[in-house]
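# Provided below for reference: sequence and predicted model.
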Amino acid sequence: MLDKILIANRGEIAVRVIRTCREMGIGTVAVYSNLDRDALHVRMADEAYALGGETAAESYLNTEAILGAIEQSGADGVHPGYGFFSENTDFARAITDRGVTFIGPPPEAIEVMGDKISSRLAAEKAGVAGVPGRSEPLTSPEEVTEFGKEHGWPVAIKAAYGGGGRGMKVVASAADAAEAMESAAREAQAYFGRPEIYLERYLAWPRHVEMQVLADRHGNTLWLGERDCSAQRRHQKLVEESPAPDFPDDVRRAMGEAAVKVSEACGYYNAGTVEFLYQDDEFYFLEMNTRLQVEHPVTELVTGLDLVAWQIRIASGEALDFSQEDIARNGHAIEVRINAEDPSGGRFTPSPGTLTSFHQPSGPGVRLDAGYESGDTVSQYYDNLIAKLVVWAPDREAARRRMLRAIAETRITGVATTLPADVAILSHPDFAAAKHSTKWVEESLDLSGLSAETPGAPVQPAGDDEVPTVERDVTAEVDGRRYSVRLWVPDLGPASSSARPAGRPKRAASSSVAGTGSGQVAVPMQGTIVKVLVAVGDVVEVGQTICLLEAMKMENAVAAEKDGVIKELRVTAGDSVGAGDIVAVIE
Ligand code: MV4
């Protein structure tokens, strides 16, 4: 068994791994950037080593610094969490070359599943079909027309070396083929550095159902059950659940067996997830995620298995000590992601900052995997997931109600969170009846009326607005009867009527994606311009998107804040920008 594990990650997933290590009696080593010197994962680990730097590239993606921490700490295993180095084969090989165990799959499996075309071919060879399509790169618009005639319109064009949802174009008819091809190839180049694209039949109303697998290094591969992650927005999952609602047992078994076949075909071991699209009782292979996923706790709650513990045991060379028939799936689990984003008006604007208070939910069937506590700061430089709230109950409706109850107990001040959007989803009749698909949040759910307040949460003053109270005994008369009443009233100080406790500033205004009002369109945070949607001379109106900014792993629309004509454009796609940089001038 591994003796000391370095967690090459931060936030809730680092905390999650540390917890299991502690239960297993394994030592834990945290690494941290300059901004995370006092972060929760650092406070919880047995030892911690500085990586230096602030951005992910300077810190959690700094191979030399992490190799240095491995060396200094004497860790014999590395858990990569998700994101960062979790699917980086150079990193996995670099640590393996030093005799340190990578707690994850073999690099060859990561490579096969790393791009759409090779993973589709691998699945196909294993007898598992993707969405009907062509497994070779698309070269001419005529192929699109031919394919549309054969399979019907619309047709999907996807980036061959893509993943995670970007770069897909939907082509409605032959007339749009050439233009869609061009723009798909351009986006593929911009996002993934390679222009190759390919064709698939387009599914209009699919659900995203993924299958968890666990495989040891002795030839045993098991499927643990599915998760439905259809409630998502712009490829960011918002709510995940297991089992998938309205999902027949025979389809579940077939999907589980298909996931095992795909895993075996690429020589997989450790924990992995095979993603499928599910529509009209059929499922189609989409891709395989060769890491532990964010939403793994829903599977843990229905199976009773600790996936991180099994990752560690498998990496240590242990065999699975149970078989497919032993896996029980009980009840229903739902997870919501609590991100530091302001969902007001359905916009999901990043909302980094300090959690001035964080009251955590509790009670029967509630699990909270948080990366932060009250007083901790969510930085603009990293993923803004604050916590995952996961509930278990005997059935879906009980779990749904339990989740709404747990959300109402949760109070976070200092940053805006996605909780109001989670409430809107969970309390909508379509979700309650499981009539949603991957397009439901974006196309059917109206989030335009959302505010940053969580509906149903008890109203109480924000922590930073609290005023100390003093006790006062007063006499009152109610219906002629005299009462002596003791009150705790705000202590407004001797002279001033609006005194605030010293040294506690009012909450800072949150940054807005619209600009300054002067015609100078500024970006609210550091990031990369992925697309510019206007040209010099274009007439624009308030709210119109000027460009798309990728920051905190999300695309953000940077909008015009006044009507006018674009006089100057200072950026092109691919440019890096800093907070406050002017991207365009409107006159
Ligand atoms: C599709 C599709 C419909 N038809 N492929 C988007 C993410 C990427 N990995 C695959 N995606 C899709 N592929 C065909 N042929 C619809 C989606 C899709 C989607 C899939 C999973 C989860 C969320 C999604 C949201 C929009 C579109």
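It's in.

# How about the contacts made by Glu54?
When contacts are counted by C-beta atoms under 8 Å, 6 or more residues apart in numbering, Glu54 is found next to 33-35, 379, 381. Using the backbone N, CA and C atoms, a C-beta is placed for each residue, glycine as well.

# Mind putting those residues into JSON lines with pLDDT and distance to the ligand?
Compiled in JSON lines, these are given as follows (pLDDT from 0 to 100; distance: C-beta to the nearest ligand atom, whole Å):
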{"residue": "Ser33", "pLDDT": "97", "distance to the ligand": "30"}
{"residue": "Asn34", "pLDDT": "97", "distance to the ligand": "34"}
{"residue": "Leu35", "pLDDT": "97", "distance to the ligand": "31"}
{"residue": "Ser379", "pLDDT": "97", "distance to the ligand": "27"}
{"residue": "Tyr381", "pLDDT": "96", "distance to the ligand": "26"}
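
# now those residues as a markdown table including neighbour count and secondary structure?
Compiled in a markdown table, the contacts of Glu54 are given as follows (neighbours: other C-beta atoms under 10 Å; DSSP: H, G, I helix; E, B strand; the rest coil):
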| residue | neighbour count | secondary structure |
| --- | --- | --- |
| Ser33 | 23 | coil |
| Asn34 | 12 | helix |
| Leu35 | 17 | helix |
| Ser379 | 20 | coil |
| Tyr381 | 22 | coil |
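
# Where do the helices of the stretch 101-250 of the chain begin and end?
Read by DSSP state H, counting those that start in this stretch, the stretch 101-250 of the chain holds these helices, from start to end of the chain: 107-112, 116-125, 141-151, 177-192, 249-265.

# buried sites along the first one?
Buried positions in helix 107-112, judged by neighbour count with 16 or more other C-beta atoms under 10 Å: 107, 109-110, 112.

# Compute the distance between the closest residue to Val144 other than its chain neighbours and Gly130, please.
Beyond its immediate neighbours in the sequence, the residue positioned closest to Val144 (C-beta to C-beta, 6 or more residues apart in numbering) is Ala177, lying 3.9 Å away. Taken as C-beta to C-beta, to the nearest Å, the spacing of Ala177 relative to Gly130 amounts to 21 Å.

# swap in Leu292?
Leu292 is 24 Å from Gly130, where distance means C-beta to C-beta.

# When those two are compared, which one has more neighbours?
Counted by other C-beta atoms under 10 Å, Leu292 and Gly130 do not tie: Leu292 has more neighbours, with 25 against 20.

# Read off the pLDDT value for Asp491.
The predicted local distance difference test score for Asp491 is 73.

# One more: Val251?
Per-residue confidence for Val251 comes out at a pLDDT of 98.

# thought it was touching Phe283?
Yes. With contacts counted by C-beta atoms under 8 Å, Val251 reaches Phe283, the gap being 6.7 Å.

# Name the nearest residue to the closest residue to the ligand within the stretch 451-587 of the chain, ignoring sequence neighbours.
In the stretch 451-587 of the chain, the residue that lies nearest the ligand is Glu555 (13.7 Å; C-beta to the nearest ligand atom). If you skip the residues right next to it in sequence, Glu555 has Leu548 as its closest partner in space, 5.1 Å away by C-beta to C-beta, 6+ apart.

# and that neighbour, what are its bridge partners?
When bridges are called by DSSP bridges, Leu548 pairs up with Lys531, Ala557.

# picking up where we left off before, could you dump the helices of the stretch 101-250 of the chain into CSV and include distance to Thr475?
Supplementary listing: those in CSV, determined by distance: least, C-beta to C-beta, whole Å:
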stretch, distance to Thr475
helix 107-112, 75
helix 116-125, 77
helix 141-151, 83
helix 177-192, 72
helix 249-265, 69
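
# just to revisit the earlier point, have a look at Val251 and Phe283 and say which one is more surrounded.
With neighbours defined as other C-beta under 10 Å, Val251 and Phe283 compare such that Phe283 has more, 27 against 17.

# so that one is in which element?
Here Phe283 is covered by strand 282-289, with elements defined by DSSP states H and E.

# For the very next helix or strand once past that strand, list the C-alpha coordinates in PDB.
As assigned by DSSP H and E, the chain's next helix or strand after strand 282-289 is helix 296-303. Once non-C-alpha atoms are left out, helix 296-303 reads as follows in PDB (Å, rounded to 0.1, in the frame of the first residue of the first chain):
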ATOM      1  CA  HIS A 296     -18.200  10.900  -8.500                       C
ATOM      2  CA  PRO A 297     -19.900  11.300  -5.100                       C
ATOM      3  CA  VAL A 298     -23.400  10.500  -6.500                       C
ATOM      4  CA  THR A 299     -22.100   7.000  -7.400                       C
ATOM      5  CA  GLU A 300     -20.500   6.700  -4.000                       C
ATOM      6  CA  LEU A 301     -23.700   7.400  -2.300                       C
ATOM      7  CA  VAL A 302     -25.800   4.900  -4.200                       C
ATOM      8  CA  THR A 303     -23.100   2.100  -4.200                       C
END
